[in-house]
Structure formats: C-alpha cells, structure tokens
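[1] With the input below, show me the fold.
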Amino acid sequence: GSINKIKEQGLNAANTQVMEIASWLTDVHGPRLSGSPNIQKAGEWAVAEMKKWGLVNVALEPWDNNRNFTRGWSNDKFYLASVSPQAFPIPGTPSAWTPGTNGLIRGEAILITETAEADLQKYAGKLKGKFVLGSAPPDVAAWWTPPATRSTVEELVPRETRVTPEFGVNPPGGRGGGGRGAPQAAPGGRQGGAGAPAAPPFNRNQFFLKEGVVAIFSTSARGHGIYTIGGSRTNDPAATLPAITIPAEQYGQIARTLSKGIPVTLEADIKSTFHPNPTMFNVVGEIRGTDKANELVMLGAHFDSWHASTGATDNAAGSAAMMEAMRILAVTKVPLRRTVRIGLWNGEEQGLNGSAEYVAKHFASRGAPPAAPAG
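    Numbers count the residues shown, from 1 in each chain. Next up, the predicted model:
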C-alpha cells in the first residue's frame, strides 16, 4: 500500500535522499544569511531539485514587503591573528552587517570595560588604530556534565503527559516579536527629566568609531570554542564599527596578557560586502491533490541561517526533512486528495519575517485591531 511505498523510500538507506539534501544545503550552500548571495543560490538549488521531482508551482516567491531588508551582506574573507608577544591564529566571526577592515591592518589591543560616557573620556585621543576588547574576560566554567545524555523511561513518561501551553500563549521558541537580529538598546542610555524629551542615548560604539578604533571584540562565557553571534540589518555601514566575536580562550589570553602590562599586537584582514536591496523570498512548491485540491496540507521549515557556520541544525535539518517528505510523496505517486505544499521561510532569524509575509499574502493579515465605535 501507500504507507509501505513511503517507508521504502524514507527508511531504506539505498533510497533516502535526506542527508544528500542536507549536504547540498550546508556543505555547498551554507551559510544562508537572509539577503546574502548564498541564500539566493541555495533557493535556486532547492527550486531546481523540486522541479526535477515533479512538484508544480515551484518558485522563489518574493515578499510583497521587504521588511527593512534594504541591505544584504556577506563575509568574503576573515583573517585575524596575534603578532606579539606570542604569534597565534585567532578564530572568530564578524557580526552580520558590519564592515570589514579595508585591507590588512595591525594595531595594539586594549581592554575597556567602562560603559558610561563620563568614564570613557579618559580614553579620548588614545584609541586610534586600537582593537578594543569591550568587556572583562569571562570566567569559563568546566563542563562536568556531558552536553548530551540518554533519558531513562522513568524520565520520559512524565513528558508524555505534560500539558503544553496553547500556541499564542507561549510563542514558538520563547521569542517575542523582535527576533534575534533586532537592534538592541545602547548601554548607558539617558532619559530626560519629567516632561522633557529623552536625550539621545549614549552609544559607546559610536564613541569608539569617532576615536578611530579599528574593531571591537566580544566573546561568550561558554568556552570550548563556542560562541553565539547575530547582527542587525539596520546598520548604516558608514556609521558602524567592525564587530568581531572570538572564542573565550583567545579573548582571555589577550586580556590576561594586557593585565600584566604587556602590549599585545594584533593584525586583521576582513572583507565584508554589502548587497543593496536584495530580493527577499520564500521557497514554495506543491503536489496538487484530486477531489479536495483546494484544501492544503502545509509542510514548512525556515531556510535561512546565521553566518558563522553552515546552518545545519538551524535549520537545514528541518528544510531537508520537509524537502525529503515532498520528494517521497512525488516519486511514490501515492494518491493525495488534498494539495500538499512546502514553504521554506526566509528571514526567520530576524523575526519570523518570511512566514509572516506568506500568511499575510495567502491567508490573512493580523493587522491592527478595529477601532472602537464612536460614542
């Protein structure tokens, strides 16, 4: 029957294509930052594959609203190293939508933990050409518990009976509306007095930029080479400082050397490109149903990723699984009464943008609540 045909394709190692699809999305076309040339290439590859499988209405469906994606971005070269007193390579990643270094540069590192405008004045005129470590080195705790464990039956049973909150009460992933890429408030912001408009908040990075700092470093307390990174697509390239996240190991080594009164010289060559007004899209395709073709079964996953890695688990894994499901349904030709449609969403990392645009275009827009009746 139909179920056996599906199982033969999906569970037989000779037939399944899910890992091959994942490899194309990651090894060849990862990372897939929204608005970058890479996600465009990944989308074009996915469209070509689904057309080969026999899906119809396959396309890169453009958004009706670009949702402030006026700049695409890609990192084309990254080189960072310590020169003295010890020479060693420094792995890392520039924050998305921040500029590069305009060629090879060399300068001293400096640790600056102050955030208030008044406290930073002592550095005025002394930062030109410097690499700034913007916070104290973190205390990296040892990992005594392995990150992956096997749950026992006794641990799993309570999860089966646990009641989860309804959708809308607890947003997917615990996110609000801003998204991970939303701009954050600058530290040291000031408010005006009662009745007075708020004064422009003090932006420490703008102070550094004005003083001629070449780049600012950040890190993560997780250690073991692990760090997280994002970026804001609203950055003005001319008013943004190159921002680089590096592992805690190298960050700590530089900071500890500086604390001994020993200068640390670094060099960097970082090239990043801004791509104006990229086409924003979702990847769509479908298998038409028969007598209930106007009813839809949707398969979806987000297609975009951040830029520090290939985006395997976030979320090529989901995209590959959904594409494989569509491939299996197409090649087995199992009878489908309803239309099965796939949507691979762009812009998820910046706030669920692609799926929101798709819903607004094809189903309904949440919009603003209606005004209260007069009187």
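[2] drop to CA atoms for contacts and neighbour counts, all remaining ones
    Fine.
[3] Which secondary structure element of this structure has the lowest mean pLDDT?
    Least confident helix or strand, the chain: helix 153-161 with a mean of 82, by mean pLDDT, DSSP states H and E.
[4] same for it, what does it pack against?
    Contact partners of helix 153-161 among helices and strands, from 3 or more CA pairs under 8 Å, 6 or more residues apart in numbering; DSSP states H and E: none.
[5] in the stretch 1-150 of the chain, which spans are helices?
    For the stretch 1-150 of the chain, applying DSSP state H, counting those that start in this stretch gives helices covering 2-11, 18-23, 37-53, 117-120.
[6] Can I get these in JSON lines including distance to W345?
    As requested, these are exported to JSON lines (distance: least, CA to CA, whole Å):
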{"stretch": "helix 2-11", "distance to W345": "24"}
{"stretch": "helix 18-23", "distance to W345": "16"}
{"stretch": "helix 37-53", "distance to W345": "10"}
{"stretch": "helix 117-120", "distance to W345": "41"}
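[7] Those: which one's closest to T234?
    Nearest of these to T234, taken as CA to CA: helix 37-53 at 18.1 Å.
[8] who's in contact with the closest one?
    25, 29-33, 58-60, 74, 283-285, 304, 323, 327, 330-331 (CA atoms under 8 Å, 6 or more residues apart in numbering).
[9] quick one on the thing from earlier: buried sites along whichever helix or strand comes after the least confident helix or strand of the chain?
    Counting by DSSP states H and E, the next helix or strand C-terminal to helix 153-161 is helix 204-211. By neighbour count with 16 or more other CA atoms under 10 Å, helix 204-211 contains the buried residues 204-205, 207-209, 211.
[10] Any idea which residue is closest to the centre of this protein?
    The chain has W306 as the residue nearest its centroid, 2.9 Å off, counting by CA atoms, centre = their mean.
[11] Could you check how many residues crowd around the nearest residue to that one once chain neighbours are set aside?
    Counting by CA to CA, 6 or more residues apart in numbering, L33 is the residue found nearest to W306 once chain neighbours are left out, at 5.2 Å. The number of residues packed near L33 is 26, by other CA atoms under 10 Å.
[12] Likewise for the one 4 residues further on?
    For P37, the number of neighbouring residues by other CA under 10 Å comes to 17.
[13] Could you list the low-pLDDT ranges of this structure?
    162-200, 366-375 (pLDDT under 70).
[14] Please, where are all the strands along it?
    Taking DSSP state E as the test, the strands found in the chain are 56-62, 71-84, 88-89, 93-94, 105-111, 131-133, 215-218, 243-245, 265-276, 281-287, 292-302, 338-345.
[15] Okay, T113 and A136: tell me how far apart.
    For T113, the distance to A136 equals 6 Å [CA to CA, to the nearest Å].
[16] And for R67?
    36 Å.
[17] Off-centre distance for stretch 349-367?
    Centroid separation for stretch 349-367 versus its chain: 18 Å, with CA atoms, centre = their mean, to the nearest Å.
[18] go on, stretch 346-365?
    Here the centre of stretch 346-365 is set off from its chain's centre by 16 Å, with CA atoms, centre = their mean.
[19] Flag every buried residue along it.
    346-358.
[20] Name the nearest of the residues you listed relative to P247.
    Using CA to CA, the buried residues of stretch 346-365 come closest to P247 at E349, 22.1 Å.
[21] Please look at the closest one and H307 and confirm they touch.
    No. In this structure, E349 is not within contact of H307 by CA atoms under 8 Å, at 10.8 Å.
[22] With distance to A364 added, can I get the buried residues of helix 204-211 in CSV?
    Below are the buried residues of helix 204-211 laid out as CSV (distance: CA to CA, whole Å):
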residue, distance to A364
R204, 42
N205, 41
F207, 45
F208, 46
L209, 44
E211, 49
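[23] how many neighbours does T219 have?
    T219 has 27 nearby residues by other CA under 10 Å.
[24] do the same with G125
    For G125, the neighbour count with other CA under 10 Å is 10.
[25] what's the nearest residue to it if we skip its chain neighbours?
    Nearest residue to G125, sequence neighbours excluded (CA to CA, 6+ apart): E211, at 6.4 Å.
[26] Would you check that that neighbour makes contact with L127?
    Yes. Under the criterion of CA under 8 Å, E211 makes contact with L127 at 5.8 Å.
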